[in-house]
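> Show me how the following folds:
(2 chains)
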There are 2 protein chains.
Amino acid sequence: MVSKHTAPAMELWYDFGSNYSYLSIMRVEEAADRHGVAIVWKPFLLGPVFKALGWQGSPFLAQQEKLRYVWQDMLRQCEKYRLPWTRPSTFPRNGLLSSRVALLGADMPWIAEFNRQVMLHNFQRDRDINSEEEVGGILADMGLPAESLLKAAQSDHNKQRLREQTQEALDRGLFGAPTFLIGDAMFWGNDRLDDALLYAATRGNG
Amino acid sequence: MVSKHTAPAMELWYDFGSNYSYLSIMRVEEAADRHGVAIVWKPFLLGPVFKALGWQGSPFLAQQEKLRYVWQDMLRQCEKYRLPWTRPSTFPRNGLLSSRVALLGADMPWIAEFNRQVMLHNFQRDRDINSEEEVGGILADMGLPAESLLKAAQSDHNKQRLREQTQEALDRGLFGAPTFLIGDAMFWGNDRLDDALLYAATRGNG
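Residues are numbered from 1 along each chain as shown, chains lettered A, B, ... in the order given. Next up, the predicted model:
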C-alpha cells in the first residue's frame, strides 16, 4: 500500500527578458527530474514589479557597474552550463507577448519547449520576442496553431490574468527573476535552483 | 627540473559588514587549499564605494524587499555551509577599525584567523566590530600584542593605505563584496567562490 502523497512541486517565476531566468529555463527540467520535483511555470513581468517597488527599472540598468559585470558573468555561466550565448542588442527585451502565450500554455505539454525557444530567441538569436511575427514563428516551428494561440493569448481575459499573476508576484514578495517558491519559502536567482529543488524534494510537503 | 612558475593566486576583496563576505571568509581557506590557490587578502570599505557609485548606501537597505529575502537566504546558506548565524542587531555594521587592522596584517600569518574572528563577532556574537575594546579583545584572545597593533592600524599612514585600497576597488570596477579578482577577471559574490578558484587554478597564470 502506498500512502497518498502530493508530489513535490516548485513554482518557477520567470521573465523572458531576464538573462538569469534564461539560465534556469534552459536547465530546470533536467534538474527537476533529478530531484523528482514537478515544475509549476509562472511567467510574469518584472517591469511592473520594479515600478511598484519604486525602483528605476532593472537594477542592472540603474547600476551600470553591475551590468558590465553581468555580461562578463554570463559568458562564463553559459560556458559552464554549455549554453549558447549572444549578448542581446536590446536589454532588457520586452517579452509581453511571449509571456501572454506562456501563461496561456502554462499547463500544456509544449510549455517547456516554448519557454526554451523564446529564451534562445532572445539570448542566442538576438531576436525580438514581442512581435506576432517572431512569437508566431516560434509556435509554428513547434507545429502549434500559431494564429489561434496568439489570438487567445491576447484576449482581454488572458491579458488580465497576466496582470493578476504579476500582482501575485508582488503580493508574495518577489523582487527579481528567476525566483523559486515552495509555499512561502523563496529562493532567488539561478544560483539557488538546486537548493530550491532540494528543499522542494525534502521539505516542500513536510 | 621544475620550471619556474608563479603560484596561482586570487584576490579576495571583503568588507566586515557584508553578510555574504562572511560566508566566503569562513570557507575560503579550505576551498583555496583544495584548488592549490593562494589568497591575497584585500579588506576595503563598501560604504565609500556605494557613495562614489551614487548608490544610496547598501543596495539591501535601499531595497527592503531584497533585505527581507537576504535574511531568509542567510539562514539556509549558513545551514548549508554549517556556519553559525545570528542576524546582527545593527546592519550593516561599520567595520572601519577591523578593516584597518586587517589591512595592517594582510600578509601576516594571523590574518585568516583574525578575519574569521571579526566575522564571527558580527554574525554569530552580534558584537561591535569598530571599537578598540572589541577589536583589541579579538587580537588579545589570539595572543597578539593588541595595543601596539591598534596603534599601528590607526596611524595616518595605515589610514591612508585603506583609503587607497578602497579607491583601487573603485578603479577596478568593484561594486560589492565579496569580490574575487584574478587579474582583470572579476567574480562577484560568495556563489562565485568556487568558479573563481577554478579560474585561478586553471587560467589565472595562463
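
> in chain A, which spans are strands?
For chain A, strands defined by DSSP state E occupy the ranges A:9-14, A:38-43, A:179-182, A:185-188.

> what is the mean pLDDT for the last one?
Here strand A:185-188 scores 98 as its mean pLDDT.

> Could you tell me which residues of chain A lie near chain B?
Proximity of chain A to chain B (Cβ under 8 Å from any Cβ of the partner chain) is limited to residues A:53, A:55, A:59, A:63, A:65-66, A:68-69, A:72-73, A:76, A:80, A:173-176, A:185-189, A:191-192, A:195, A:199. The C-beta positions use only the backbone N, C-alpha and C, and glycine is treated the same way.

> Let's see which of those residues end up in helices.
Mapping the residues of chain A next to chain B onto helices (DSSP state H) picks out A:59, A:65-66, A:68-69, A:72-73, A:76, A:80, A:195, A:199.

> Turn those into CSV, including neighbour count and distance to residue B:203.
Shown next, in CSV, are those (neighbours: other Cβ atoms under 10 Å in any protein chain shown; distance: Cβ to Cβ, whole Å):
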residue, neighbour count, distance to residue B:203
A:59, 18, 29
A:65, 18, 24
A:66, 20, 23
A:68, 14, 20
A:69, 21, 18
A:72, 15, 14
A:73, 19, 16
A:76, 16, 11
A:80, 11, 13
A:195, 17, 27
A:199, 22, 34
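
> out of those residues, who's nearest chain B?
Nearest to chain B among these is residue A:65, at 4.2 Å by Cβ to the nearest Cβ.

> Go through the strands of chain A and pick out the most buried.
Mean neighbour count (mean count of other Cβ atoms under 10 Å in any protein chain shown) peaks for strand A:179-182 among those, with a mean of 24.

> just checking, what packs against that strand?
Applying 3 or more Cβ pairs under 8 Å, 6 or more residues apart in numbering or on different chains; DSSP states H and E, one finds that strand A:179-182 makes contact with strand A:9-14, strand A:185-188, helix A:193-202.

> Ranking helices and strands of chain A by mean pLDDT, which lands last?
Least confident element among the helices and strands of chain A, by mean pLDDT, DSSP states H and E: helix A:59-62 (a mean of 68).

> that older thread, redo the helices and strands packed on strand A:179-182 as CSV? Include distance to residue B:116.
Putting the helices and strands packed on strand A:179-182 into CSV (distance: least, Cβ to Cβ, whole Å) gives the following:
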stretch, distance to residue B:116
strand A:9-14, 35
strand A:185-188, 27
helix A:193-202, 24
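
> ok, residue A:149 to residue A:159 distance?
According to Cβ to Cβ, to the nearest Å, residue A:149 stands 14 Å off from residue A:159.

> Over to residue A:200?
For residue A:200, the distance to residue A:159 equals 30 Å [Cβ to Cβ].

> which of the two has more neighbours?
residue A:200 (27 against 14; other Cβ atoms under 10 Å in any protein chain shown).

> need the contact list for the more buried one.
By Cβ atoms under 8 Å, 6 or more residues apart in numbering or on different chains, residue A:200 lies in contact with A:8-10, A:35, A:37, A:182.

> of these, closest to chain B?
Closest to chain B out of the contacts of residue A:200 is residue A:182 (11.7 Å), distances taken as Cβ to the nearest Cβ.

> what sits against residue A:23?
Taking Cβ under 8 Å, 6+ apart, we find residue A:23 in contact with A:77-78, A:81, A:83, A:190.

> next one: phi and psi at residue A:17?
With angles defined as degrees, to the nearest 10, residue A:17 sits at phi -90, psi -10.

> Tell me, how many residues neighbour the residue lying closest to it once chain neighbours are set aside?
Among residues not flanking residue A:17 along the chain, residue A:92 sits closest, at 3.6 Å (Cβ to Cβ, 6 or more residues apart in numbering or on different chains). Residue A:92 has 18 neighbouring residues, counting by other Cβ under 10 Å.

> Quick check: residue A:92 touching residue A:58?
Yes. At 5.5 Å, residue A:92 and residue A:58 qualify as touching, with contact defined as Cβ atoms under 8 Å.

> Between these two, which contacts overlap?
Shared contacts of residue A:92 and residue A:58, defined by Cβ under 8 Å, 6+ apart, are found at residue A:46.

> distance of residue A:17 from residue A:129?
Separation of residue A:17 from residue A:129 (Cβ to Cβ): 8 Å.
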